[in-house]
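> here you go, sequence then predicted model.
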Amino acid sequence: VAQVAILLRVLRVARVMRMVKLVRSPMLADLANMLSGFLIGIPALLWVLAFFVFILYMVGLMFRLAFGPLENESYTWRCGAADDITNFSDPECPVHFVYGEEMTEAWRLMSRRPPLGQIGFGEWFGARSSWLKGGGVL
């Protein structure tokens, strides 16, 4: 029994020695270089991501100001859904303003904020209806 245990230990050492050969291979050195380069580049990637998100946020705010509804103005109540508008030359219902208001309203409903000074569906029928209504507007 003792000789079998010694033989198994020798085989285990031989397996470990074969793994040491693999560690010294050029393929694994390239993998180590790639991983270290990735780890070194993570801070730069995070800064680029933060800058990209900031720019998207600013562009979204500018579009909201340019295409969203004015205060105390509701195109969706007056004109209906933007997808249902057939007269695109109607000055009372500009399609881009109606779409902007629908997207703003969908965001407010999904985030449980009342849309445009009215009571949100989530406050009357529960939070689940807010998600359903917001998803339906999108």
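Cool, got the structure. Numbering: from 1, shown residues only.

> for the longest helix along the chain, name the packing helices and strands.
Counting residues, the longest helix found in the chain (DSSP state H) is helix 26-67. Judged by 3 or more C-beta pairs under 8 Å, 6 or more residues apart in numbering; DSSP states H and E, helix 26-67 is in contact with helix 95-110. The C-beta positions use only the backbone N, C-alpha and C, and glycine is treated the same way.

> model confidence over the helix it packs on, on average?
Mean pLDDT, helix 95-110: 72.

> which SSE is residue 19 in?
Using DSSP states H and E, residue 19 maps to helix 2-23.

> and the angle from that helix to helix 26-67?
With axes from the mean of the first three to the mean of the last three C-alpha atoms, to 10 degrees defining the directions, helix 2-23 sits at 60 degrees from helix 26-67.

> CA atoms of helix 2-23 as CSV?
The C-alpha trace of helix 2-23 is given here as CSV (Å, rounded to 0.1, in the frame of the first residue of the first chain):
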residue,chain,number,x,y,z
ALA,A,2,2.8,2.4,0.8
GLN,A,3,4.5,1.7,-2.5
VAL,A,4,1.2,2.6,-4.4
ALA,A,5,1.0,5.9,-2.5
ILE,A,6,4.6,6.7,-3.4
LEU,A,7,3.9,5.9,-7.0
LEU,A,8,0.8,8.1,-7.1
ARG,A,9,2.9,11.0,-5.6
VAL,A,10,5.5,10.6,-8.2
LEU,A,11,2.9,10.7,-10.9
ARG,A,12,1.4,13.8,-9.4
VAL,A,13,4.8,15.5,-9.4
ALA,A,14,5.2,14.5,-13.0
ARG,A,15,1.9,16.1,-13.9
VAL,A,16,2.9,19.3,-12.1
MET,A,17,6.2,19.4,-14.0
ARG,A,18,4.3,19.1,-17.3
MET,A,19,2.2,22.1,-16.2
VAL,A,20,5.4,24.1,-15.5
LYS,A,21,6.4,23.4,-19.2
LEU,A,22,3.0,24.8,-20.3
VAL,A,23,3.5,28.0,-18.2
